[in-house]
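*Asks:* This is the structure alone, sequence omitted:
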């Protein structure tokens, strides 16, 4: 009656309290992936003049090295028809060379107006990420609404650059005058 | 009449007799009869004998069987006897139940895995329940936390290996950490791990976007990701509440806020991170 098992607990559990790690580096920045997806699709749903359909498709990035790296990675495997994407980094407006699209991120510290002035008269799509910029010369401006990424589109600014926008892209956009 | 009564009580006596001679299966037949016999079924000693007979069957014949029916019967019987033993007449019963409870605990790890983790949970619950039947003051908190953190670790590994296949495990992982928090609501690591579980999944949803296919569905995809980021935020804030100077938690909160396009709060967290880094 009194035969008992020994009360032995086998401690086989190994615990590290801090077990869930961040998503892998480079994929942490969800907004960057979303923005890159938008930028990529802008190039598909906007038509550039004939003289811009040769050579690489150049996307300029103002002032942000980390974004430049992320976009370089994102676009490295993609093409637009026969054009390869090429990402260029410009520290300031005076550095800008010919490009199809130029992106001015929200943390760019220089004046956006200088960038806009620099590409005036060229078919360079200016994409910004700051409130009110679609009314200050940008063709497309990223905005966040209800915790999500959206974009404003200024059709007259696009027309001035001789860029034709697809109606399906317009449907996704917040159109501003 | 007297001989009938004797015959009825005899099955209990027979069970005791067989048990003392280690004829356990004969003891089992006799105690099964005594357990259903109206004369003996309510006698605490019947249940006491039943508990020990089944325990010995488990120990001698079924200890290698992780689903041992004898063990189930033994713990059930001990769970009836012990609460009635207010005078503590059966300390050996308490000790025996603790030993049986420990066998459930020791087998928990064998059931870690996608198809059997629910058995691991059931076995840990058995351990916890029977330890407290044996001793209402039993302190199982440390093992409780240890078990659920370990299970969360194991399930998270599976989840990370194939997020589509193991998506339902998210709720289980969340539940494991909430079990830990039920024991220690100030455990910042559990709050943080729940936050990361959801934040990482929001990032995963966005990283799964195929820019060539999903552009016109991007709003719905963002909604889905946002749901996870929103879910992560209160857990992240709780973690920060209990460990305000933990840089990983502050970094996580900055990322969550930025994923939700809340630049103001994201900037605040970034400033705090710089301060914590001594910059």
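*Replies:* Arrived safely. Keep in mind the model is a prediction, meaning the values are calculated, not measured.

*Asks:* which residues are contacting the host helix or strand of residue B:50?
*Replies:* Residue B:50 is part of helix B:44-57, with elements assigned from DSSP states H and E. The contact list for helix B:44-57, computed with Cβ atoms under 8 Å, 6 or more residues apart in numbering or on different chains, reads A:1, A:3, B:12, B:15-16, B:19, B:22, B:24-25, B:27-28, B:31, B:34-35, B:40, B:70-71, B:73-74, B:77-78, B:80-81, B:84-85, B:90, B:93, B:96-97, B:100. Bear in mind the C-beta positions are built from the backbone N, C-alpha and C, glycine included.

*Asks:* buried subset of the residues you listed?
*Replies:* Buried members of the contacts of helix B:44-57, scored by 16 or more other Cβ atoms under 10 Å in any protein chain shown, are B:12, B:15-16, B:19, B:24, B:27-28, B:31, B:34-35, B:40, B:70-71, B:73-74, B:77-78, B:81, B:90, B:93, B:96-97, B:100.

*Asks:* The residues you listed in helices, which ones?
*Replies:* B:12, B:15-16, B:19, B:24, B:27-28, B:31, B:34-35, B:70-71, B:73-74, B:77-78, B:81, B:93, B:96-97, B:100 (DSSP state H).

*Asks:* quick one: the helix holding residue B:50 to chain centroid distance?
*Replies:* Helix B:44-57 sits 27 Å away from the centroid of its parent chain (Cα atoms, centre = their mean, to the nearest Å).

*Asks:* contacting residues around the longest helix anywhere in chain A?
*Replies:* For chain A, the helix with the greatest residue count under DSSP H is helix A:30-45. The contact list for helix A:30-45 (Cβ under 8 Å, 6+ apart) reads A:27, A:57, A:59, A:67, A:70-71, A:74-75, A:78, A:80, A:85, A:100-101, A:103, A:125, A:127, A:129, A:140, A:142, A:149, A:151, A:165-166, A:168-169, B:202-203, B:206-207, B:209, B:211, B:214-215, B:218, B:222, B:225, B:229, B:258-259, B:261.

*Asks:* from the chain's centre, how far out does that helix sit?
*Replies:* 5 Å.

*Asks:* Buried residues of it, list them for me.
*Replies:* Those would be A:30-43, A:45, for helix A:30-45 by 16+ other Cβ under 10 Å.

*Asks:* Following the chain onward from that helix, which element is next?
*Replies:* Following helix A:30-45 toward the C-terminus (DSSP H and E): strand A:46-47.

*Asks:* how about that next one, does it reach chain B?
*Replies:* No - Strand A:46-47 stays clear of chain B (Cβ under 8 Å from any Cβ of the partner chain), getting no nearer than 12.9 Å.

*Asks:* Name the nearest residue to residue A:137, ignoring sequence neighbours.
*Replies:* residue A:116 (3.9 Å; Cβ to Cβ, 6 or more residues apart in numbering or on different chains).

*Asks:* now swap in residue A:152 and tell me
*Replies:* Going by Cβ to Cβ, 6+ apart, residue A:152 has residue A:134 as its nearest residue, at 4.0 Å.

*Asks:* Then residue B:219?
*Replies:* residue A:148 is the one closest to residue B:219 (Cβ to Cβ, 6+ apart), at 7.0 Å.

*Asks:* Could you do residue B:238 as well?
*Replies:* residue B:191 is the one closest to residue B:238 (Cβ to Cβ, 6+ apart), at 4.1 Å.

*Asks:* Now do the helices in the chain.
*Replies:* No chain in the question, so chain A it is. Using DSSP H, helices in chain A cover A:30-45, A:65-75, A:112-118, A:155-160, A:167-172.

*Asks:* you looked at the wrong chain, it should be chain B
*Replies:* Counting by DSSP H, the helices of chain B are B:2-20, B:24-36, B:44-57, B:69-84, B:91-108, B:117-134, B:141-161, B:169-183, B:188-207, B:218-242, B:247-259, B:263-276.

*Asks:* looking at these, which has the lowest confidence?
*Replies:* Ranked by mean pLDDT, the helices of chain B end with helix B:2-20 at the bottom, a mean of 75.

*Asks:* Any buried residues in the helix or strand of chain A with the lowest mean pLDDT, and which?
*Replies:* Least confident helix or strand, chain A: helix A:65-75 with a mean of 85, by mean pLDDT, DSSP states H and E. With burial defined by 16+ other Cβ under 10 Å, the residues of helix A:65-75 counted as buried are A:67-68, A:70-72, A:74-75.

*Asks:* can you put those residues in a markdown table and add distance to chain B?
*Replies:* What follows is the buried residues of helix A:65-75, written out as a markdown table (distance: Cβ to the nearest Cβ, whole Å):
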| residue | distance to chain B |
| --- | --- |
| A:67 | 13 |
| A:68 | 18 |
| A:70 | 12 |
| A:71 | 12 |
| A:72 | 15 |
| A:74 | 8 |
| A:75 | 10 |
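
*Asks:* ok so, going back, are any of the contacts of helix A:30-45 buried, and which?
*Replies:* Buried among those by 16+ other Cβ under 10 Å: A:27, A:57, A:59, A:67, A:70-71, A:74-75, A:80, A:85, A:100-101, A:103, A:125, A:127, A:129, A:140, A:142, A:149, A:151, A:165, A:169, B:202-203, B:206, B:209, B:211, B:215, B:218, B:222, B:225, B:229, B:258-259, B:261.

*Asks:* Let me know the average pLDDT across the longest helix of chain A.
*Replies:* 93.

*Asks:* so that helix versus helix B:188-207, what angle?
*Replies:* Interaxial angle of helix A:30-45 relative to helix B:188-207 (axes from the mean of the first three to the mean of the last three Cα atoms, to 10 degrees): 0 degrees.

*Asks:* Next, the angle from helix A:30-45 to helix A:65-75.
*Replies:* Using the same axes, to 10 degrees: helix A:30-45 against helix A:65-75 is 50 degrees.

*Asks:* Measure how helix A:30-45 sits relative to helix B:247-259, angle-wise.
*Replies:* Using the same axes, to 10 degrees: helix A:30-45 against helix B:247-259 is 30 degrees.

*Asks:* from the stretch 151-279 of chain B, which residue is nearest to chain A?
*Replies:* Across the stretch 151-279 of chain B, no residue is closer to chain A than residue B:261, which sits at 3.4 Å (Cβ to the nearest Cβ).
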